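Asks: When you get a sec, could you give me coordinates for this:
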Amino acid sequence: MTYTVKDILALQVAPALGCTEPVAIALGAAAAVSLLPGRQIDTIEIWVDPNIYKNGLAVTIPGTGGLNGLDMASALGAMGGDPTLKLEVLDPVDDAAVAAARSMVGDGRVTVHLLREQAGLYIKTVVSGHGHAAESVITGLHDNIVSLALDGQAVTESELLPKSPSANGKSHLAAMETWLKERCLDDLIELLDHLDDDDYDFLETGVNVNRRLAEYGLKHGPGLGVGRTFERLVRQGLIKRDMITAARILTASAADARMSGARLPAMSSAGSGNHGLTATLPIVAIEPFIDVDHAMVLAAIGLSHIITAYVKAHTGRLSAICGCSVAAGAGATAGVTYLMGGTKAHIAGAIKNLIEDLAGVICDGAKCGCALKLATAAGTAVQAALFSLHGVNVSFTDGIVGRSSEDTMRNIGTLTTQGMIETDRTILNIMLEKQFSDV
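Replies: Residues are numbered from 1 along each chain as shown. So this is what the prediction gives:
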């Protein structure tokens, strides 16, 4: 099967309200509750893979006044979520739903099970009430509900289930990722030749959605206030507003807002809102510095999403490596280089430069500190592009950098899926020890 740029955008890019891991947990609960007769909820049990657990521990859930936790996310989805909204499932949640969720968690009626050996994204939710038990299972993608059941009987007729659950025996995501991994960089760039008006409109929507998060972060300075601090340093004359700093300010400001629970969606990329911020905002930030048609900016963002999806196809959806740095960062530097008139060779060089720089950045869960990592990724994406455009390219003799950008991106996938499994376990163990020591 052959995929188009429209197919990639449709499967890989979507609005998400809140960090996608707790949101996916909320979606699973809301989906299960939608099956429950009378919707009377007594208890909730959820089973999650280690990376969902890691990314859902500390990040603030939007619209809750600062609440966090996997149990709280599940209770919120059950008490007020709308599963038909997918990754915006928490949009209808109001004060009454928050109060009910707090009460449920406080009463110990939500139980979270960590499946330490589970590979890949996995969320199973069982909601019990009034003598009935409803179940949902999400795998692969954060909004991919693969099964529903009521009292042990499968529910096959539901708008929440995929209309065509598989392609050639594989999930649509797996089939697309297999196809992506077989492409070369030239193939990926050539996909841009088929962008149409609908694609440009969709990409523009993503720009506007993510820019609103950045504007909120700059205005209010939530979370760590990384973006606003950069802005203050510029106004004090301590640093200059160049392309690199502008990219850091815009991207970090949006991350500040999102990680602190601002009730604004992000346009995600490859299943992550922070990936979406990194893939789009550095490119948006450099537009005022160069003379270029706005359609080229949107095309560059399209390329960024494609490269991000390509890297994630190799690394997996969730891992020990910060995907905002190596996947969305690679996408962003490819987009910046393309926007500045770079050739395929320049784009390849920029990707290698960025991966050499950021390959060691770990993912230790979603939290306000992610704004620091996004600031680094955004600035490095612009720097890597500028260096490549000026002939600075990392040699294939250096570390994990390959002869080509494709080899380099495959190598980062190998490092992630084979070399950092124990690292991922160690990160989670450290987080769990810290969490339980505070109880």
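Asks: distance of residue 334 from residue 188?
Replies: 9 Å (CB to CB, to the nearest Å). For the C-beta atoms, the positions are set from N, CA and C on the backbone; glycine is no exception.
Asks: Parallel or antiparallel, which strands does the host helix or strand of residue 47 pair with?
Replies: Following DSSP states H and E, one finds residue 47 within strand 43-48. In the sheet, strand 43-48 lines up against strand 110-114 (parallel), strand 122-129 (antiparallel) (DSSP bridges).
Asks: where along the protein do the strands fall?
Replies: 13-17, 43-48, 110-114, 122-129, 132-139, 145-150, 153-154, 265-269 (DSSP state E).
Asks: Give me the buried positions along the fifth one.
Replies: Using 16 or more other CB atoms under 10 Å as the burial criterion, the residues of strand 132-139 that qualify are 133, 134, 135, 136, 137, 138, 139.
Asks: strands paired with that strand, and their directions?
Replies: Counting by DSSP bridges, strand 132-139 is paired with strand 122-129 (antiparallel), strand 145-150 (antiparallel).
Asks: mind checking how far the shortest one is from the chain centre?
Replies: So that's strand 145-150. Computed by CA atoms, centre = their mean, to the nearest Å, the separation of strand 145-150 from the middle of its chain amounts to 24 Å.
Asks: Now for residue 364: which residues touch it?
Replies: 54, 427, 430, 431 (CB atoms under 8 Å, 6 or more residues apart in numbering).
Asks: ok, and the most crowded of those?
Replies: Tallying neighbours with other CB atoms under 10 Å puts residue 54 at the head of the contacts of residue 364, with 23 neighbours.
Asks: Is that one in contact with residue 365, as I believe?
Replies: Yes - with contact defined as CB atoms under 8 Å, residue 54 reaches residue 365; the gap is 4.6 Å.
Asks: joint contacts of the two?
Replies: 427, 431.
Asks: For residue 229, give me its contacts.
Replies: residue 221.
Asks: Kindly apply the preceding question to residue 274 instead.
Replies: By CB under 8 Å, 6+ apart, the neighbours of residue 274 are 19, 255, 258, 259, 266, 324, 328, 366, 370, 374.
Asks: With respect to residue 343, which of the residues you listed is nearest?
Replies: residue 328 (22.3 Å; CB to CB).
Asks: That closest one against residue 281, yeah?
Replies: No - between residue 328 and residue 281 there is no contact under CB under 8 Å: 10.0 Å.
Asks: now for the contacts of residue 364, which pair is the farthest apart?
Replies: 54 and 430 (10.3 Å).
Asks: Turn the contacts of residue 364 into JSON lines, columns for distance to residue 100 and pLDDT.
Replies: JSON lines is the format used below for these (distance: CB to CB, whole Å; pLDDT from 0 to 100):
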{"residue": "54", "distance to residue 100": "27", "pLDDT": "91"}
{"residue": "427", "distance to residue 100": "33", "pLDDT": "92"}
{"residue": "430", "distance to residue 100": "33", "pLDDT": "92"}
{"residue": "431", "distance to residue 100": "28", "pLDDT": "89"}
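Asks: would you turn the residues you listed into CSV with distance to residue 395?
Replies: Below are the contacts of residue 364 laid out as CSV (distance: CB to CB, whole Å):
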residue, distance to residue 395
54, 35
427, 31
430, 35
431, 37
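Asks: low-scoring pLDDT stretches of the stretch 301-439 of the chain, where are they?
Replies: Counting by pLDDT under 70, the stretch 301-439 of the chain shows low-confidence ranges at 435-439.
Asks: Most tightly packed of the strands paired with strand 132-139?
Replies: The highest mean neighbour count among those, using mean count of other CB atoms under 10 Å, belongs to strand 122-129: a mean of 22.
Asks: residues in contact with residue 12?
Replies: Residue 12 neighbours (CB under 8 Å, 6+ apart): 269, 270, 271, 305, 308, 309.
Asks: So which of those is surrounded by the most neighbours?
Replies: Of the contacts of residue 12, with other CB under 10 Å as the count, residue 269 tops at 34 neighbours.
Asks: Wait, that residue touches residue 311, no?
Replies: No - using CB under 8 Å, residue 269 is not in contact with residue 311; the gap is 10.7 Å.
Asks: Identify the contacts common to those two.
Replies: In contact with both residue 269 and residue 311: residue 331, using CB under 8 Å, 6+ apart.
Asks: quick revisit: inside helices: which ones of the contacts of residue 364?
Replies: 54, 427, 430, 431 (DSSP state H).
Asks: List just the nearest of those to residue 88.
Replies: Nearest to residue 88 among the ones in helices among the contacts of residue 364, with distances taken as CB to CB, is residue 54, at 22.9 Å.
Asks: Flag every buried residue along the strand holding residue 47.
Replies: So for strand 43-48, counting by 16+ other CB under 10 Å, buried means 44, 45, 46, 47, 48.
Asks: With distance to residue 239 as extra columns, can I get those residues in a markdown table?
Replies: Listed next are the buried residues of strand 43-48 as a markdown table, based on distance: CB to CB, whole Å:
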| residue | distance to residue 239 |
| --- | --- |
| 44 | 48 |
| 45 | 50 |
| 46 | 44 |
| 47 | 47 |
| 48 | 41 |
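Asks: Roughly how far does the residue lying closest to residue 241 once chain neighbours are set aside sit from residue 90?
Replies: Spatial nearest neighbour of residue 241, excluding adjacent residues (CB to CB, 6 or more residues apart in numbering): residue 234 at 4.8 Å. Residue 234 is 34 Å from residue 90, where distance means CB to CB.
Asks: The two: which is more packed in?
Replies: More neighbours surround residue 90 than the other of residue 234 and residue 90, with 27 against 16 (other CB under 10 Å).
Asks: So for the more buried one, what's the pLDDT?
Replies: Predicted confidence (pLDDT) for residue 90: 95.
Asks: Next, count neighbours for residue 82.
Replies: 16.
Asks: Could you verify my assumption that it touches residue 29?
Replies: No - between residue 82 and residue 29 there is no contact under CB under 8 Å: 11.7 Å.
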